[in-house]
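Chemist: Sequence first, then the predicted structure, then my questions.
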Number of protein chains: 2
Amino acid sequence: MPSSITSKLDKFRCMKRSISEINLDPLQRGGILTPEARAALVEWGDGYSVCDFCEGMLDRVRNPPVEEFVHEVLPQFLDVDDVRITHGAREGMYAAMHSLCDAGDYIVADGNAHYTTVLAAERAGLEISYVENSGEPEYTINPEGYRDAIRGIADQGYRVSLAVLTYPDGNYGNLVDARRVADICHEEGVPLLLNGAYSIGRMPVCARELDADIVVGSGHKSMASSGPIGVLGAKQEYADIIFRRSKSKKNKEVELLGCTVRGAGLLTMMASFPHVLERVGRWQEEVDKARWFSSELEALGIEQQGEKPHNHDLMFFKSEKLYEISKSARKGRYFLYHELKDRGICGIKPGLTRQFKLSTYLLPREDLERVVSAFQEIIEGSSKVQAE
Amino acid sequence: MPSSITSKLDKFRCMKRSISEINLDPLQRGGILTPEARAALVEWGDGYSVCDFCEGMLDRVRNPPVEEFVHEVLPQFLDVDDVRITHGAREGMYAAMHSLCDAGDYIVADGNAHYTTVLAAERAGLEISYVENSGEPEYTINPEGYRDAIRGIADQGYRVSLAVLTYPDGNYGNLVDARRVADICHEEGVPLLLNGAYSIGRMPVCARELDADIVVGSGHKSMASSGPIGVLGAKQEYADIIFRRSKSKKNKEVELLGCTVRGAGLLTMMASFPHVLERVGRWQEEVDKARWFSSELEALGIEQQGEKPHNHDLMFFKSEKLYEISKSARKGRYFLYHELKDRGICGIKPGLTRQFKLSTYLLPREDLERVVSAFQEIIEGSSKVQAE
């Protein structure tokens, strides 16, 4: 290895995560580890430590109790027939698309779908027909749009082999009537995959009640787990296909390449699970807090987009005021990022002022009051400067 | 959630990893974290903490220095044009097969290939033609076998779109002449993928020198990283295909579904890297130690299979003596597992006596002397019992 490289390596030895006290990034709010998960991470950190106890199938390891977690706890938690651990929600979507659809097929997805839905479909050789949202300000998805999209594609002579609903979507935090979407898809003969990356582990998600055929969740996004890790649940008829075993390696599942998260991440998900279950039971408190926060920002002229009253902690805001300030601010469009950072707040993407998303999930009300005050100071401070 | 489940959850809160002082499992020896990686795990454990610093492409994150690691350090380390982080060696193999081969194609693989090669091929819809090993006692692979296999498949009218060599294989620890295999494959117009799960991070692997077109490595197996994590390197012409970008999501790579290890695992690989580089430089010491250990066990009548003299820490042993003892032992075929466990040694699969694999990697000579003594005691103790 050339010395030009080796001389640079010292920086890898000690990398600090420098973030602010209050992190509003929706990506991060539901993935903060519990003390139990942090302990599991240290205990099981080495390589793929879980494999010491494996007799050929990861999901059948009895000690640590992986089998009980995967085959009893998670199916009851999601109310679905069969569950496996994946590398994340996107990998779960890909596994389902790759095994249930044929290259050249179409999927129908909500217009608010996460970019990974698009990538999973593209990787599986599928085309996408979108159910467009209603546009500003609510950006809602009409369940009837699924029927129109499915029929439209069928009319063109193509097969729609899967529908995807992002529940909620990652931009506006809108929760579409998933049961209605499922009913429509089933009437049209198409199975529904629910992408619960921002719901499973935050709020109650009952696959049977919603009649979702496949559900995916994200451990790092919403289950207090060290990523990458996710869950993939399916009704038996789809589970039999997605989790099919290899023709030649009898106890290995093809779509999972044998096994997925064979390390500490899985143990963090298990260790956090009692807390996750408990917090899901307190979901209404989080919704109430989000609504209160939204009303506080609206009082400052920062308008919440998406469903109102809102039903999720992930919210999208729009502010012409902040945009106007940015035009004359010394740091330009980066002023908001820096102003918030100076006040111990991060998580809104650097450079955004006119519209941005954030999450209030599990933040104490005092912290959110600090955020509201910060916005107030930033807006008022600027009008003072302009008045002088 | 029914109370029958909630009452069981307490066991998830504190799961201890109960393993012996000396772990001989080849899966585990190269994945033990460095102190620096352990610190990184705690610092970056939450969710997918790295994403706080991402502007759209994981491998372009500058702080922590992911970009430098992925685009400068790793390409130089592997001596290959382009590198990405994957969820593991198997996921790297699948990404390469899925993007370079068409369903219905054949791959040619060594008969000692890991089961995940088979799963990756099956998932990608590919058939496999094997280059069989030479059988007992060395189980070697003749590079010329690749020519025969490729021609044989072509003669049947099928396309061979990739060759795979497991370097070394995970059963016998044999290191085939990879350069010769590459030359033969290239003469036949087939690219070669080198599965370095047990070599990259342990011993020098120079893709350019071996003329491998694609290389995969395993962070949890051989790079002192918290799994699942791996590396995937390729010559530019193949990298352009494997790492192609999405048609509609311009800065996202399709085959990686945008990004892969978006959490602490990546930071452990980076934090361990200075140590990994240093230990690769001391590889000959590990080979010498493995040879010495092999000769000690052979003196006890436990025969090493695979290449001799051996060139890797992963070794396969055969013992009719231990098998004979197991026939009359109180714990039957589990006696060896328990006898070793009583002496603070684990890593040989429970139930095996007649043949088993183990690794001496990074174990101090004193520990290995303890292992040799343990085998001696077990064998001699049994003959004493029989003599009495």
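Modeler: Cool, got the structure.
Chemist: if I look at the residue nearest to A:A207 when sequence neighbours are not counted, how far off is A:A89?
Modeler: Closest residue to A:A207 apart from its sequence neighbours, by C-beta to C-beta, 6 or more residues apart in numbering or on different chains: A:V80 at 4.0 Å. (C-beta placed from N, C-alpha, C; glycine too.) Counting by C-beta to C-beta, to the nearest Å, the gap from A:V80 to A:A89 is 15 Å.
Chemist: which residues in the stretch 101-250 of chain A form strands?
Modeler: A:106-110, A:127-131, A:160-166, A:192-195, A:214-218, A:230-234 (DSSP state E, counting those that start in this stretch).
Chemist: B:D46 is nearest to which of those strands?
Modeler: Proximity to B:D46 (C-beta to C-beta) singles out strand A:214-218 among the strands of the stretch 101-250 of chain A, at 13.4 Å.
Chemist: and the stretch 51-200 of chain A, which residues reach chain B?
Modeler: A:51-52, A:64-65, A:68-69, A:72-73, A:76-77, A:87-88, A:90-91, A:94, A:98, A:115-116, A:118-120, A:122-123 (C-beta under 8 Å from any C-beta of the partner chain).
Chemist: Weed out the non-buried ones from these.
Modeler: A:51-52, A:64-65, A:68-69, A:73, A:77, A:87-88, A:90-91, A:94, A:98, A:115-116, A:118-120, A:122-123 (16 or more other C-beta atoms under 10 Å in any protein chain shown).
Chemist: In helices only, show me those.
Modeler: Secondary structure defined by DSSP state H assigns A:68, A:77, A:90-91, A:94, A:98, A:115-116, A:118-120, A:122-123 of those to helices.
Chemist: Quick check: which helices or strands does the longest helix seen in chain A pack against?
Modeler: The longest helix of chain A (DSSP H) is helix A:365-387. Here helix A:365-387 touches strand A:22-23, helix A:283-299, helix A:320-328, helix A:335-342, strand A:345-346, going by 3 or more C-beta pairs under 8 Å, 6 or more residues apart in numbering or on different chains; DSSP states H and E.
Chemist: how far away is the residue nearest to A:A207 from A:H98?
Modeler: According to C-beta to C-beta, A:V80 stands 19 Å off from A:H98.
Chemist: distance of A:R180 from A:Y146?
Modeler: A:R180 is 9 Å from A:Y146, by C-beta to C-beta.
Chemist: So which of these two has more stuff around it?
Modeler: Between A:R180 and A:Y146, counting by other C-beta atoms under 10 Å in any protein chain shown, A:Y146 is the more crowded of the two (30 against 15).
Chemist: list the contacts for that one?
Modeler: A:108, A:131, A:163, A:181, A:184-185, A:188 (C-beta atoms under 8 Å, 6 or more residues apart in numbering or on different chains).
Chemist: Mind checking which of the residues you listed are buried?
Modeler: Buried among the contacts of A:Y146 (16+ other C-beta under 10 Å): A:108, A:131, A:163, A:181, A:184-185, A:188.
Chemist: which two from those residues end up farthest apart in space?
Modeler: Top of the distance list for the buried ones among the contacts of A:Y146 (C-beta to C-beta): A:V131 and A:E188, 12.5 Å.
Chemist: any residues touching the longest helix of chain A, and which ones?
Modeler: With contact meaning C-beta under 8 Å, 6+ apart, helix A:365-387 is reached by A:21-22, A:24, A:289, A:292-293, A:296-297, A:300-302, A:321-322, A:325, A:328-329, A:336, A:339-340, A:343-345, A:360, A:363.
Chemist: 10 Å instead?
Modeler: Under the contact criterion C-beta atoms under 10 Å, 6 or more residues apart in numbering or on different chains, helix A:365-387 has outside partners A:21-24, A:289-290, A:292-293, A:295-297, A:299-302, A:317, A:319, A:321-322, A:324-326, A:328-329, A:335-336, A:339-340, A:342-345, A:347-348, A:358, A:360, A:363-364.
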